[in-house]
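Student: The following block contains a protein sequence and its predicted model.
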Amino acid sequence: MRRPQFDMTVFKERRAQLAQCAPGSAVILPSHPEMMRQYDVDHRYRPDSNLFYLTGWEEPESVFVFRPGQTPESVLFVRKKDVLRETWDGFRYGPEGAGSEFHMDKTYLIEELDAVLPELLKPVERIYYRFNVDSAFDHRVLAAQEKFRVSLGRTGRGYLPIYDSWELLGEMRLKKAPYEAGVLRKACEITAKAHVDVMKAVKPGMNERQVQGIFLGSIFEQGAAREGYNTIVAGGAGATTLHYVFNDQPLNGGDLLLIDAGAEYEYFTGDITRTYPINGKFTEPQKRVYEAVLKVQKEIVGMIKPGVPFAKLQDATISGLVDVMLDLRLLKGDKKAIIESGEFRRYYPHGVSHWLGMDVHDAGLYVVKGESRPIEAGMAFTVEPGLYIPANDTSAPAEFRGIGVRIEDDILVTGDGCENMTAAAPKEIAEMEAIIGQGKA
Ligand code: GLY
Ligand code: MN
Ligand code: MN
């Protein structure tokens, strides 16, 4: 028997918390579908964060139904034990193992879902479910609603109202409990060390994919489960593509390398970007762009404390980066007009931050009652200003063309300020120049 990899009390406590938030409801969370990669091979499976968050359950073809206050309260539909399939793909718990090892009140075979779900809906007043992730499953939820309605007989009652489960759970996930902050901090520390390992190893002539390999080797050695998202390794002008995907070019001395990569540890992920010269020495134009972005990045981190509206971080970033754009002669004219027209987006087209946690772009509302949400202790997010000057931008001074810089750290808000969880990844020019390409310490 394969033992669960995680302490089940964590999931039980989260379910108890959810029961307080959603009385009278049924929360329906299907597993993500498996995704074919090629003939006979699927993409490596990564369970849905919300389903895992409440159960610790990692198998596909499963559905979790949670009905606060009802009996049974926690219900898991799972694949059957299957000796032949397990010979090929590995251990499955089956309904019995799922019940005992994952502390579920009741388990069923996944094939029983369509018959049992309408029964489970009978005592509840509303459903939480996220549509449009898996349209095939959407139809099953709608069919269960119909069966439920018909089963009531001639009452005139309609369907149960359906609310968004991701919004409900996003609010729970947004503020990290001390245990969660500890795991996230560990993911950030692993990520930071891997960035240092990459910095030490980078040399002109390497391919971007070799750099990715060094990052992966380091995070796996440190106990990470996987990348938190697709690693971006972009040499030279590739860095001006925000989510560069190719990772297949040779790295040229004289160019910058932008690496945006995070380790996932126990389902929480780090998200760090560092940008530095492949040959270990910034050119003057690279230095001007880099130092300007770094100054803005440090100013934004310095603003973070409880009570500050989240949107203020982006406003301050835009203000700081537009000053830089004017100073570097990327743009000309009036600062206010550039901000109001959105012209700055030519060189800074993204947000400075996103929530961080189990998903790299983590769940949780950014705007509450029409207002930007004030930052609170326990929230975690990135700070990642960048400046991207396309290689073919003939309106930019020639010396800056093809330079892309992003600097990204992961921040945990504390009672009176914040903690930079990724401070161990150097970002000062002198610190980085001292270790780039110098090999393992
Ligand atoms: N790695 C994606 C991001 O920084 O948002
Ligand atoms: Mn990010
Ligand atoms: Mn990133």
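Tutor: Done, it's in. Numbers count the residues shown, from 1 in each chain. Ligands and ions are numbered 1, 2, ... in the order given.

Student: and the closest residue to ligand 2 within the stretch 1-150 of the chain, what does it touch?
Tutor: In the stretch 1-150 of the chain, no residue comes nearer to ligand 2 than S49, which is 16.1 Å away by Cβ to the ion. Glycine gets a C-beta too; all of them are placed from N, C-alpha and C. S49 sits next to 173, 267, 358-359, 363 when contact means Cβ atoms under 8 Å, 6 or more residues apart in numbering.

Student: let's go with 6 Å and repeat that
Tutor: Applying Cβ atoms under 6 Å, 6 or more residues apart in numbering, we find S49 in contact with 358-359.

Student: Can you show me the strands along the stretch 201-350 of the chain?
Tutor: With DSSP state E, counting those that start in this stretch, the ranges of strands along the stretch 201-350 of the chain come out as 226-227, 232-235, 256-261, 263-265, 268-269, 272-277.

Student: how far away is the residue of the stretch 1-150 of the chain closest to ligand 2 from F131?
Tutor: 17 Å (Cβ to Cβ, to the nearest Å).

Student: for the residue of the stretch 151-300 of the chain found nearest ligand 2, what are its contacts?
Tutor: Closest residue of the stretch 151-300 of the chain to ligand 2, Cβ to the ion: D271 (4.2 Å). When contacts are counted by Cβ under 6 Å, 6+ apart, D271 touches 262, 356, 360, 382, 410.

Student: one more time with 7 Å, if that's ok
Tutor: For D271, the contact set (Cβ atoms under 7 Å, 6 or more residues apart in numbering) comprises 228, 262, 356, 360, 382, 408, 410.

Student: how near is the residue located most distally from the centre of the chain to ligand 3?
Tutor: Here the chain reaches farthest from its C-alpha mean at R154, the gap being 46.7 Å by Cα atoms, centre = their mean. Remark: distance between R154 and ligand 3 (Cβ to the ion, to the nearest Å) = 56 Å.

Student: now F77
Tutor: Separation of F77 from ligand 3 (Cβ to the ion): 35 Å.

Student: what's the helix or strand containing that residue in contact with?
Tutor: Using DSSP states H and E, F77 maps to strand 74-78. With Cβ under 7 Å, 6+ apart as the test, strand 74-78 has contacts from 15, 55, 57, 59, 62-66, 93-95, 98, 102, 104-110, 112-113, 120.

Student: Quick one: mark the members of those that sit in strands.
Tutor: When the contacts of strand 74-78 are checked against strands (DSSP state E), the matches are 63-66, 106-109.

Student: from the residues you listed, which two are the most distant?
Tutor: Farthest apart among the ones in strands among the contacts of strand 74-78 by Cβ to Cβ are F66 and L109. That separation is 18.6 Å.

Student: neighbour-wise, which of the two wins?
Tutor: F66 (25 against 14; other Cβ atoms under 10 Å).

Student: before we move on, the earlier item: just name the most buried of the strands of the stretch 201-350 of the chain.
Tutor: strand 268-269 (a mean of 28; mean count of other Cβ atoms under 10 Å).

Student: Just name whatever secondary elements that strand is in contact with.
Tutor: Contacts defined by 3 or more Cβ pairs under 7 Å, 6 or more residues apart in numbering; DSSP states H and E place strand 268-269 against helix 178-201.

Student: Please tell me how far the residue of the stretch 151-300 of the chain closest to ligand 2 sits from P72.
Tutor: For D271, the distance to P72 (Cβ to Cβ) stands at 38 Å.

Student: How about the residues of the stretch 301-441 of the chain by ligand 1?
Tutor: When proximity is defined by Cβ under 6 Å from any ligand atom, the stretch 301-441 of the chain lies next to ligand 1 at 354, 360, 384, 408.

Student: Identify the residues contacting the residue in the stretch 51-200 of the chain that ligand 1 sits nearest to.
Tutor: Across the stretch 51-200 of the chain, the shortest distance to ligand 1 (Cβ to the nearest ligand atom) belongs to T191, at 10.9 Å. The neighbourhood of T191, defined by Cβ under 7 Å, 6+ apart, consists of 262-263, 270, 272, 422.

Student: what's the closest non-adjacent residue to it?
Tutor: Distances taken as Cβ to Cβ, 6 or more residues apart in numbering place G270 nearest to T191, at 3.1 Å, with adjacent residues excluded.

Student: Find me the pLDDT at the one you found, would you?
Tutor: pLDDT recorded at G270 is 98.

Student: count of residues packed around it?
Tutor: Neighbourhood size, G270 [other Cβ under 10 Å]: 32.

Student: these two touch, right, it and G228?
Tutor: Yes - shown here, G270 and G228 form a contact pair, counting by Cβ atoms under 7 Å, at 6.4 Å.

Student: okay, and the common contacts of the two?
Tutor: Common neighbours of G270 and G228 (criterion: Cβ under 7 Å, 6+ apart): 262-263.

Student: A helix includes A144, no?
Tutor: Yes - the assignment for A144 (DSSP: H, G, I helix; E, B strand; the rest coil) places it in a helix.

Student: residues in the stretch 151-300 of the chain within reach of ligand 2, list them.
Tutor: Counting by Cβ under 5 Å from the ion, the stretch 151-300 of the chain comes close to ligand 2 at D271.

Student: residues near R345, how many?
Tutor: Using other Cβ under 10 Å: R345 sits among 11 other residues.

Student: how much space is there between it and ligand 3?
Tutor: Noted for R345: a distance of 19 Å to ligand 3, by Cβ to the ion.

Student: now G342
Tutor: 23 Å.

Student: helix/strand/coil for A26?
Tutor: A26 carries the three-state label strand when classified by three-state DSSP.

Student: ok, I219 - contacts?
Tutor: Per Cβ under 7 Å, 6+ apart, neighbours of I219: 190, 194, 263.

Student: Let me have those in TSV, extended by pLDDT.
Tutor: Formatted as TSV, the contacts of I219 follow (pLDDT from 0 to 100):
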residue	pLDDT
I190	99
A194	98
A263	99
